[in-house]
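Chemist: Just need the structure, nothing else, for what follows:
(2 chains)
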Number of protein chains: 2
Amino acid sequence: MSIFGEATRNRQRREMMIAVIAKLTAKPGHEDELGAALTDGAAKVLAGEPGCLLYRVARSRSDTGVYTLMEIYASQAALDAHPNAPHFEEIRTALSAHLGAAPEVEFLDALN
Amino acid sequence: MSIFGEATRNRQRREMMIAVIAKLTAKPGHEDELGAALTDGAAKVLAGEPGCLLYRVARSRSDTGVYTLMEIYASQAALDAHPNAPHFEEIRTALSAHLGAAPEVEFLDALN
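Modeler: Okay, the predicted model is just below:
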């Protein structure tokens, strides 16, 4: 395995779209408020981050206090920019009042 | 709570977008083949099902044999039509050779 080959793969990895799947659980009694804060946040992310290609909020049918975010970023750079966007702290503050647990976040390579 | 109110909510539920998150695990040695079958299947679903609004395939970075599908359907009717689409059996057959476990499937209300 040559160093050149590894550099090429690293560049491809950097240019791949990244998916993020995050699971967020509401504090009891804050189920609807968490949903509202998440959809408000989604609108801010989509409006302010051209590198965010998808940001969907979904609510579990079996446990209505559990939400799943489906996010796709155009590149690693776009994902890296996400927590540095001007709206990020505002969204985090809005969510924190309604969260009952730490979010579970998974990173994936988006293939299509 | 009136019967009329319940009927209205049921109609809203039927008209809501539905998200599906499915986790599929490859048979050992079939990791890449499962990914190829999933992206081929995604193209068929998106081409043949106007009620399917989103069908993304993502591959775990920590376990490259595990894939997550992120799907959104325009309505319950669009979701109900999915397993009856002409390409469904073809996709299921293509996947079955590469799956190491039964898929885990979760249904959610898509909020945005």
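Chemist: Confidence-wise, which helix or strand of chain A is lowest on average?
Modeler: The least trusted helix or strand in chain A, going by mean pLDDT, DSSP states H and E, turns out to be helix A:3-15, with a mean of 55.
Chemist: Helix or strand next in line after that helix, which one?
Modeler: Sequence-wise, the next helix or strand downstream of helix A:3-15 (DSSP states H and E) is strand A:18-25.
Chemist: what angle separates that following strand from strand B:18-25?
Modeler: 110 degrees (axes from the mean of the first three to the mean of the last three C-alpha atoms, to 10 degrees).
Chemist: Could you give the average pLDDT over strand A:18-25?
Modeler: Averaged over strand A:18-25, pLDDT sits at 98.
Chemist: is chain B contacted by the following helix or strand past that strand?
Modeler: Where DSSP H and E defines the elements, the next helix or strand beyond strand A:18-25 is helix A:31-48. Yes - Helix A:31-48 is in contact with chain B by C-beta under 8 Å from any C-beta of the partner chain, via A:35, A:38-39, A:42-43. (Each C-beta comes from the backbone N, C-alpha and C, glycine too.)
Chemist: Farthest pair within those residues?
Modeler: A:35 and A:43 (13.1 Å; C-beta to C-beta).
Chemist: These two: which has the busier surroundings?
Modeler: Higher neighbour count among residue A:35 and residue A:43: residue A:35, with 22 against 13, using other C-beta atoms under 10 Å in any protein chain shown.
Chemist: and the gap between residue A:64 and chain B?
Modeler: Distance, residue A:64 to chain B, by C-beta to the nearest C-beta, to the nearest Å: 9 Å.
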